[in-house]
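# Based on what follows, work out the 3D shape:
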Amino acid sequence: MEQYLNPFCERESATKWLSDHVAREGVDRAAMYCLHITNSLIQDGKNLFERIPRAAFRGLGKGGRRNVEASLLLRAGAAAGGADSQGKPSERTARRLVLDYARRDGCWFGDAPAALSKRFKKLTEGGEAEVFFNGSRVVKFISNVYFDGYTTALDRISLHNFLSPATGLTVLGFGSNARGECGILVSQPFIKGSHVSEKEIQAFLKKVGFTQVKSLVALTEYTCGDYYVGDMHDENVVRTPGGHLAMIDIDGRLNTPELKCGGHYVVPELAYSPEAVRAIDDVIRKLVPEVVSRTSYVQHYGNDDNQLREQLAKTGRYNGSFVELDAHGQPQRFTLRVDPENKARLLKLPCESISKMIALDKGYDAAEKAALSKGLFIRRGNVTYAFDADAGRVKRCIEYPLKKKRIRSTEVSPGLHK
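Numbering: from 1, shown residues only. The predicted structure is shown next:
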């Protein structure tokens, strides 16, 4: 592991850095860079999110990058703005953080069910979810109507993935429905199963260590140590063609005393090293691009041969890099792209920073990473990709002029097919 990543591995130090930074600056480029780095470490198995029990930690990463990053951001928000007894920020704070994150990441849907219905066949609709068919998978919009906010909803996804990995949920994005209810878009394997009786569900859950909560009228709630699962009726559990029982929807929660189901789990306070937080601040400042004048850099570095002016006007990015001497007289290679927040400015990013960020991404081979590190585009079929200095990760190139879409995003649509 690269030495510069060591501070991020100090328990929840990156989340503490996020807490302080977002309270001052909001969900900006620096926050996104920190989130991407921390997500990569979590995907590699580093337990840097102590809100949920250690045993359930792998369910967090299984929910995908957006599940991890949104969960981290909400934990940071709870630390910054004060949390309730279950370690959650206020719902107003949570909604603002998720909305800011989703818009910057390009995964916000103003009317998620309407957007999904244009792409996929609708299968069913329940009290909280609308389900659409996407080949071997289903895509769902799960509203927060039965939950007390985004934190609980994201906990549910991580716990579902831990308790039922065969039917794991991957977070695609966030949004709302026509009634204005906020929620989460997820993808899940499509399982064509047969009916299971309530007695079979009881026997199945008992076999894996769960005890039925007798005090509730529905008798579909169960607990097991630190975990609570609800809504375990015959529409949410099916028998697969292989004869196994599969849990399709799990109302999974941390079994805290507040649930009054005999649980004793207490959400830990944020654990961090002040020294690591300071070191993270130094790393992030070196990685995040510098904002420079578009006019002056085009005049200084642009000429008829490199077509800098033409490329920025057409794609918003320069396909390549330039060299300048740094403060120590050493040559430094950098690339440029238009700042999507202000077209009169450019984002200047050292190629060394690009190399460090894409080294965390296992989705590209060595040749592709070498090209991306030089500020070059790569192609896969008919799709072009480049490192996005604004987002801090490799993204599909879209037509310039770049616009921050406030309702729907072109970036989410390809992800619905994954």
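# host element of residue 334?
Taking DSSP states H and E as the criterion, residue 334 maps to strand 331-338.
# domain ranges for this structure?
107-269, 289-402+409-415 (automatic domain parsing).
# Rebuild those domains as CSV, extending it with mean neighbour count, distance to residue 76 and mean pLDDT.
Every C-beta, even on glycine, is put in place using the N, C-alpha and C of the backbone. Formatted as CSV, these follow (neighbours: other C-beta atoms under 10 Å; distance: least, C-beta to C-beta, whole Å; pLDDT from 0 to 100):
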stretch, mean neighbour count, distance to residue 76, mean pLDDT
domain 107-269, 18, 12, 89
domain 289-402+409-415, 16, 17, 90
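# Determine which of these approaches residue 23 most closely.
Residue 23 lies closest to domain 107-269 among the domains of the chain, at 16.9 Å (C-beta to C-beta).
# can you confirm residue 97 is in a helix?
Yes: per DSSP: H, G, I helix; E, B strand; the rest coil, residue 97 lies within a helix segment.
# Nearest spatial neighbour of it, chain-adjacent residues omitted?
residue 77 (4.9 Å; C-beta to C-beta, 6 or more residues apart in numbering).
# which SSE is that neighbour in?
Per DSSP H and E: residue 77 is located in helix 65-81.
# hey, what's residue 187 bridged with?
Judged by DSSP bridges, the bridge partners of residue 187 are residue 139, residue 170.
# quick one, what contacts it?
134, 137-140, 169-170, 172, 416, 418 (C-beta atoms under 8 Å, 6 or more residues apart in numbering).
# export the domains of the chain to CSV and tack on distance to residue 17?
Shown next, in CSV, are the domains of the chain (distance: least, C-beta to C-beta, whole Å):
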stretch, distance to residue 17
domain 107-269, 16
domain 289-402+409-415, 15
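# closest one to residue 5 among the ones you listed?
Closest among the domains of the chain, using C-beta to C-beta: domain 289-402+409-415, at 8.3 Å.
# give the contact list for residue 178.
Applying C-beta under 8 Å, 6+ apart, we find residue 178 in contact with 111, 113-114.
# phi, psi of residue 143?
Residue 143 adopts backbone torsions of phi -80, psi 160, taken as degrees, to the nearest 10.
# these two touch, right, it and residue 113?
No: with contact defined as C-beta atoms under 8 Å, residue 143 does not count as touching residue 113 (9.3 Å).
# joint contacts of these two?
With C-beta under 8 Å, 6+ apart as the test, residue 143 and residue 113 both reach residue 177.
# what sits opposite the nearest residue to residue 109 once chain neighbours are set aside in the beta ladder?
Using C-beta to C-beta, 6+ apart and skipping the chain neighbours, the partner closest in space to residue 109 is residue 175 (3.2 Å). For residue 175, the beta-bridge partners are residue 109, residue 183 (DSSP bridges).
# Tell me how far residue 175 lies from residue 122.
16 Å (C-beta to C-beta, to the nearest Å).
# ok, now residue 4?
47 Å.
# circling back to that earlier point, quick one: contacts for the residue nearest to residue 97?
For residue 77, the contacting residues are 19, 22, 89, 93-94, 97, by C-beta under 8 Å, 6+ apart.
# What is the nearest of those residues to residue 313?
Once C-beta to C-beta is applied, the member of these that ends up nearest residue 313 is residue 22, at 33.9 Å.
# Next, the closest one: phi, psi?
phi -60, psi -30.
# Enumerate every residue touching it.
Contacts of residue 22 by C-beta under 8 Å, 6+ apart are 31, 73, 76-77, 80, 97.
# and the residues you listed as a markdown table, adding distance to residue 307 and pLDDT?
Listed next are the contacts of residue 22 as a markdown table, based on distance: C-beta to C-beta, whole Å; pLDDT from 0 to 100:
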| residue | distance to residue 307 | pLDDT |
| --- | --- | --- |
| 31 | 34 | 98 |
| 73 | 39 | 97 |
| 76 | 42 | 95 |
| 77 | 44 | 92 |
| 80 | 45 | 78 |
| 97 | 40 | 95 |
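# Can you tell me which of the residues you listed comes closest to residue 298?
residue 31 (29.0 Å).
# tell me which element that closest one is part of?
helix 29-43.
# just checking, residue 192 is part of a helix?
No: the assignment for residue 192, made by three-state DSSP, is coil rather than a helix.
# re earlier: select, out of the domains of the chain, the one closest to residue 14.
Set against residue 14 and scored by C-beta to C-beta, the domains of the chain come closest in domain 289-402+409-415, at 13.0 Å.
# what distance separates that closest one from the centre of its chain?
Centroid displacement of domain 289-402+409-415 relative to its chain, using C-alpha atoms, centre = their mean, to the nearest Å, is 23 Å.
# residue contacts, residue 167?
Residue 167 sits next to 160, 188-189, 191, 246-248 when contact means C-beta under 8 Å, 6+ apart.
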